[in-house]
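**Q** Prediction below, plus the sequence it came from.
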Amino acid sequence: MPSYLKDYYVDLPSSHMATSTVHPLSKFLLYSHLSPHNKSFSLKVLHSSEPNSFKEATQSQYWQDTMALELWALEHNNTWEVVPLLVDRKPVGSKWVYKIKYNLNGSIERYKAKLVAKRLQPERRL
């Protein structure tokens, strides 16, 4: 084994069909080997969850406030202009993207919500 790999331990499963994941992290990552600081950060990140839908986000006041702030910023910066939709055009859809930003010590720095435009699907020609 090359000397630059001496600090790594690799134990591949005998059968790749044993689990649905060929290389599960739990087999290679042990929290007992992390420093107390990194262990604390990892556990805090695991227990915080980002919403997967608008409905989930509306259940939390943090996310409601964050979405309201994002909408205010979009309006304040004149990001869009509401205009009548032309007859031969389709409206652009949008969706919310949610992220939690962390400080180095694992505490939550802020909740971040972005309203993004969905990609337009090209029209199929027959």
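**A** Ah, there it is. Residues are numbered from 1 along each chain as shown.
**Q** From now on I want contacts and neighbour counts done on CA atoms only, so please keep to that.
**A** Noted.
**Q** Could you name the specific helix or strand carrying K101?
**A** Using DSSP states H and E, K101 sits within strand 94-102.
**Q** Paired strands for that strand, with orientation please.
**A** strand 108-117 (antiparallel) (DSSP bridges).
**Q** buried ones in the partner strand?
**A** 111-114 (16 or more other Cα atoms under 10 Å).
**Q** for stretch 30-40, same thing?
**A** Buried residues in stretch 30-40 (16+ other Cα under 10 Å): K39.
**Q** What mean pLDDT does that stretch get?
**A** For stretch 30-40, mean pLDDT is 72.
**Q** For Y98, which non-adjacent residue is closest in space?
**A** If the residues on either side of it in the chain are set aside, Y98 comes closest to A113, at 4.6 Å by Cα to Cα, 6 or more residues apart in numbering.
**Q** thinking again about what came up before, biggest separation within the buried residues of strand 108-117, which pair?
**A** Using Cα to Cα, the pair of the buried residues of strand 108-117 lying farthest apart is Y111 and K114, separated by 10.2 Å.
**Q** Find residues that contact each of the two.
**A** By Cα atoms under 8 Å, 6 or more residues apart in numbering, Y111 and K114 have these common neighbours: Y98.
**Q** what bits of this structure have low per-residue confidence?
**A** Applying pLDDT under 70 to the chain flags the ranges 1-29, 31, 40-48, 121-126.
**Q** Now do the helices in it.
**A** For the chain, the helices defined by DSSP state H cover 25-28, 36-47, 54-57, 61-76.
**Q** For the strand holding K101, output the C-alpha coordinates as CSV.
**A** Provided in CSV are the C-alpha atoms of strand 94-102 (Å, rounded to 0.1, in the frame of the first residue of the first chain):
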residue,chain,number,x,y,z
SER,A,94,-41.6,29.0,-9.2
LYS,A,95,-40.6,27.0,-6.2
TRP,A,96,-39.0,27.6,-2.8
VAL,A,97,-35.6,26.3,-1.9
TYR,A,98,-34.7,26.0,1.8
LYS,A,99,-31.3,25.9,3.4
ILE,A,100,-30.0,26.2,6.9
LYS,A,101,-26.7,28.0,7.3
TYR,A,102,-24.5,27.0,10.2
